[in-house]
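Student: coords please:
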Amino acid sequence: MFSEDELLPVSALQHLEFCPRQWALMYLENVWEENELTMRGHIMHETADRPSREWQGEVLITRSLRLRSLRLGLTGVADVVEFHPVDSEGGSCKGTALPGLGGLWRPYPVEYKHGRPKLGLCDEVQLCAQALCLEEMLSVTVADGAFFYGKPRRRYQVAFDEILREKTETLAAKLHSMTKDRATPNAKYSRKCRSCSIYDWCQPKSVGRKKSAFRYLERISLCEENNGEQET
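Tutor: Residues are numbered from 1 along each chain as shown. Model prediction:
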């Protein structure tokens, strides 16, 4: 179990999964730069990030709900958590009690993203971490959640299966380990670098070639030494 002072942001998991170097530059070296993609994200979150509570039919909608997990050492804010009423007959879905409300309720986290669904699991681990926080806080199983992406303007459901849960917990442990070590990984260029807001700070193409340039200079020096020996 972690203490309150040791908790790290849930949002950092997304950056760490996307690129460990990006995470280190942002969270260890405090490098940040806005680009068109990040600005769109801020605009989209303006509505979801206003703390509020409202009803849509029988569903309770809460915005900007604070989360934490002492087991994983994480803290953050969920864009939206919907609470759906659990059938009074029970069934396979168990819910949680909510203050001032009768019956049981099933939490359903919803994360807002400005772009399109991404390759890989960088978004999914962030949402799963929110679910794990809710499970610890409310003593209930959160089976699934959803993303609302700005480009298609539709929801994509995510099931929190054992594989995703294990990956999220492993990544949370890695987050704490790398935060403790405070070492920024070397740059490694790939196609996803093109959309990175701190590309100009990272310089993955030039920084990533340092080792090969060093070997090149070593070879030149060695050749000059051999030529000098042959002349003598």
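Student: how close does residue 172 get to residue 138?
Tutor: Using CB to CB, to the nearest Å, residue 172 is found at 19 Å from residue 138. Just so you know, the C-beta spots here come from the backbone N, C-alpha and C atoms, and that holds for glycine as well.
Student: Show me which of those two is the more surrounded one.
Tutor: Between residue 172 and residue 138, counted using other CB atoms under 10 Å, the more crowded position is residue 172 (25 against 17).
Student: was I right about that one contacting residue 133?
Tutor: No: counting by CB atoms under 8 Å, residue 172 does not reach residue 133; the two are 10.5 Å apart.
Student: anything in contact with each of these two?
Tutor: With contacts defined as CB atoms under 8 Å, 6 or more residues apart in numbering, the residues shared by residue 172 and residue 133 are 72, 74.
Student: Any idea what residue 85 is bridged to?
Tutor: Residues in a beta bridge with residue 85, per DSSP bridges, are residue 105.
Student: what secondary structure does residue 62 sit in?
Tutor: Using DSSP: H, G, I helix; E, B strand; the rest coil, the secondary structure recorded for residue 62 is strand.
Student: could you point out which element follows the helix-or-strand element of the chain with minimal mean pLDDT?
Tutor: Lowest by mean pLDDT, DSSP states H and E among the helices and strands of the chain is helix 36-48, with a mean of 47. Using DSSP states H and E, the helix or strand that follows helix 36-48 in sequence is strand 52-56.
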